[in-house]
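*Asks:* what shape does this take:
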Amino acid sequence: MRAIWEFYSSPKIVFGIGALRQIGDVVAPFRPEHILLVTDPGLKQAGFVDRMLQYLNDYDVRVFDGVVPEPPAEKALECYEFARSGPPIDLVIGLGGGSSLDMAKIAALLIAHGGHPFDYEGEHKVPGPVVPLISIPTTAGTGSEVTPVAVLTDVKRNLKVGVSDNHLRPSVALLDPELTVGLSPYVTACSGIDALSHAIESYTALSYQYVQAQGKRLFQGSLPISDVLAYRAIELIARNLPLAVHQGSNIEARSNMLLGSLLAGMSFSNAGNAAAHALAYPIGGLVKSPHGEVTGLILPYVMELNAPVVPEKMTRIAEAFGMSLSGMSPKEASLSASKAVLQLLEDIGLPTRLSQIGIEERHLAMIADEAVKIERLMRNNPRQATARDYEKILRKAL
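*Replies:* Here you go, the predicted structure:
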């Protein structure tokens with residue numbers, strides 16, 4: 001049993017409508033000579049990159065706009081080679097969704113330490129500080145702007161691979177809700193359900209006192225601070241995600257979703273995710289669905305599995321969704337949380353069955369076997385289960 005826990009986050013957070021206009025002031029303390037801006041073609045076409053360059057016209061900014069969704073390691077190496085092709089980069093800015101922010105982290109890592117991204121796979125493999133990094137999310141989902149995790153796709157293994165180290169936490173997270181207003185309903189839904197998954201899994205994670213792991217842990221289990229942040233994130237997302245999906249220009253809903261994503265990121269990057277994310281990684285290697293869609297789909301089925309061992313927290317989650325629990329038994333109340341998430345998936349137009357995204361019966365055993373190997377996530381799950389237990393969950397979700 002552990003008696004000590006720690007809490008980490010990005011040193012500085014700048015949040016609010018119009019915050020992007022402050023990017024010059026945010027950059028100034030770093031006194032950079034050469035900046036690498038990592039983003040995707042869509043944001044460049046939409047004019048976001050030109051806006052950034054106007055605000056940073058006093059600096060030498062080189063733009064890599066080749067980020068793709070669920071980026072493979074090869075794309076990260078391409079970004080690294082682009083950064084190396086000119087004068088030494090001393091500040092990296094990530095602008096975009098989780099893929100762009102993660103690519104920026106890997107770029108900052110490789111510029112500082114070289115090598116291949118998978119040299120740093122797992123936890124605590126980064127040998128020291130990376131190039132200073134500013135993260136500017138344009139989606140309300142991953143929370144990557146405050147987390148120590150970068151995820152890439154290993155095409156050969158058909159698997160999502162995480163690099164996790166506190167050195168990867170951005171120096172500054174700048175969040176401007178205006179940047180999320182143009183998102184499509186589908187991207188809004190996938191991003192938002194990803195944030196909800198972060199919040200729920202960190203809130204219901206095994207207590208830090210009982211997580212079985214030797215040495216220093218990046219993901220420590222449920223903490224007093226992470227619980228507060230996660231629960232507020234659940235409230236914000238449950239009440240605002242349908243509005244953000246169906247009223248895309250609703251700036252209040254967009255602001256609340258971005259705040260919910262931020263709080264969820266601060267929570268899970270200390271407490272950790274659990275079985276839903278572990279199962280989503282091998283699933284994501286088999287299908288083209290976005291990570292958020294996959295994780296959100298499997299989340300309610302994992303919640304149902306976990307409900308008997310965290311009934312009070314599951315009941316509070318149901319209350320955060322505004323469910324009426326009057327007259328229910330404690331068991332019914334705790335199980336209603338997973339039903340609330342299933343209903344939310346339907347309300348925002350996302351799939352609730354694995355067969356809808358291309359998973360077949362023949363895939364289930366492999367998915368379960370691969371998922372249980374991801375110890376850094378599975379050890380956080382409040383209910384310990386075997387690969388065959390998870391296979392049953394997958395079959396129920398099929």
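*Asks:* got a list of what the residue nearest to L236 when sequence neighbours are not counted touches?
*Replies:* Once flanking residues are discounted, L236 sits nearest to G260: 3.5 Å by C-beta to C-beta, 6 or more residues apart in numbering. Bear in mind the C-beta positions are built from the backbone N, C-alpha and C, glycine included. Neighbouring residues of G260 by C-beta atoms under 8 Å, 6 or more residues apart in numbering: 140, 195-196, 199, 232-237, 240.
*Asks:* contacting residues for A205?
*Replies:* Here A205 is in contact with 221-222, 226, 271-274, 380-382 (criterion: C-beta under 8 Å, 6+ apart).
*Asks:* for the residue nearest to L236, give its distance to A333.
*Replies:* The span separating G260 from A333 equals 23 Å under the rule C-beta to C-beta, to the nearest Å.
*Asks:* ok, so of the contacts of G260, who is nearest P132?
*Replies:* Distances from P132 to the contacts of G260, taken as C-beta to C-beta, are shortest for A140 (24.4 Å).
*Asks:* show the pLDDT at that closest one.
*Replies:* A140 carries a pLDDT value of 95.
*Asks:* helix or strand for it, which one?
*Replies:* Element membership for A140, per DSSP states H and E: none, as it lies in no helix or strand.
*Asks:* how about K156?
*Replies:* Using DSSP H and E, K156 falls outside every helix and strand.
*Asks:* now it: phi and psi?
*Replies:* phi -70, psi -40 (degrees, to the nearest 10).
*Asks:* check D90 too.
*Replies:* According to degrees, to the nearest 10, D90 has phi -120, psi 10.
*Asks:* what does the one 10 residues further on give?
*Replies:* Taking degrees, to the nearest 10, you get phi -70, psi -40 for the backbone angles of S100.
*Asks:* show the model's pLDDT score for the closest residue to it other than its chain neighbours.
*Replies:* Closest residue in space to S100, ignoring its immediate chain neighbours: V67 at 4.6 Å, by C-beta to C-beta, 6+ apart. pLDDT recorded at V67 is 94.
*Asks:* how many other residues sit next to V67?
*Replies:* By other C-beta atoms under 10 Å, the residues close to V67 number 26.
*Asks:* surely it is in contact with L101?
*Replies:* No: using C-beta atoms under 8 Å as the test, V67 is too far from L101 to be in contact (9.3 Å).
*Asks:* low-confidence regions, this structure specifically.
*Replies:* Of all residues in the chain, none has pLDDT under 70.
*Asks:* name the SS class of the spatially most central residue of it, please.
*Replies:* Geometric centre of the chain, nearest residue: T142, 2.8 Å, by C-alpha atoms, centre = their mean. Following DSSP: H, G, I helix; E, B strand; the rest coil, the label given to T142 is coil.
*Asks:* how about it, what does it touch?
*Replies:* Each residue near T142 by C-beta under 8 Å, 6+ apart is listed here: 97-98, 101-102, 191, 194-195, 198, 261, 265, 292.
*Asks:* for those residues, give me CSV that also has distance to Y301 and neighbour count.
*Replies:* Below are those laid out as CSV (distance: C-beta to C-beta, whole Å; neighbours: other C-beta atoms under 10 Å):
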residue, distance to Y301, neighbour count
G97, 26, 29
G98, 23, 30
L101, 28, 30
D102, 26, 29
S191, 21, 31
D194, 16, 30
A195, 19, 30
H198, 17, 34
S261, 23, 32
G265, 24, 29
G292, 16, 26
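*Asks:* now render the residues you listed as JSON lines, adding distance to S171 and secondary structure.
*Replies:* JSON lines is the format used below for those (distance: C-beta to C-beta, whole Å; DSSP: H, G, I helix; E, B strand; the rest coil):
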{"residue": "G97", "distance to S171": "20", "secondary structure": "coil"}
{"residue": "G98", "distance to S171": "18", "secondary structure": "helix"}
{"residue": "L101", "distance to S171": "13", "secondary structure": "helix"}
{"residue": "D102", "distance to S171": "16", "secondary structure": "helix"}
{"residue": "S191", "distance to S171": "23", "secondary structure": "helix"}
{"residue": "D194", "distance to S171": "24", "secondary structure": "helix"}
{"residue": "A195", "distance to S171": "22", "secondary structure": "helix"}
{"residue": "H198", "distance to S171": "21", "secondary structure": "helix"}
{"residue": "S261", "distance to S171": "19", "secondary structure": "helix"}
{"residue": "G265", "distance to S171": "15", "secondary structure": "helix"}
{"residue": "G292", "distance to S171": "26", "secondary structure": "helix"}
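*Asks:* closest to R316 among those residues?
*Replies:* Nearest member of the contacts of T142 to R316, counting by C-beta to C-beta, is H198, at 16.7 Å.
*Asks:* go ahead and confirm that closest one touches M266.
*Replies:* No: assessed by C-beta under 8 Å, H198 is found out of contact with M266, at 9.6 Å.
*Asks:* give me the common contacts of those two.
*Replies:* By C-beta under 8 Å, 6+ apart, the residues touching both H198 and M266 are G143.
*Asks:* wait, what's in contact with the residue nearest to K216 when sequence neighbours are not counted?
*Replies:* Of all residues not flanking K216 in the chain, H124 sits nearest, at 6.5 Å (C-beta to C-beta, 6+ apart). Residues near H124 by C-beta under 8 Å, 6+ apart: 164-165, 216, 218.
*Asks:* the nearest residue to G122 once chain neighbours are set aside: neighbouring residues, count only.
*Replies:* Leaving aside its chain neighbours, G122 sits nearest to S164 (6.8 Å; criterion: C-beta to C-beta, 6+ apart). Per other C-beta under 10 Å, the neighbour tally for S164 reads 22.
*Asks:* same question, L37
*Replies:* Around L37 there are 25 residues (other C-beta under 10 Å).
*Asks:* so it is in which element?
*Replies:* strand 34-38.
*Asks:* how far off centre is that strand?
*Replies:* In terms of C-alpha atoms, centre = their mean, to the nearest Å, the centre of strand 34-38 is found 23 Å from the chain centre.
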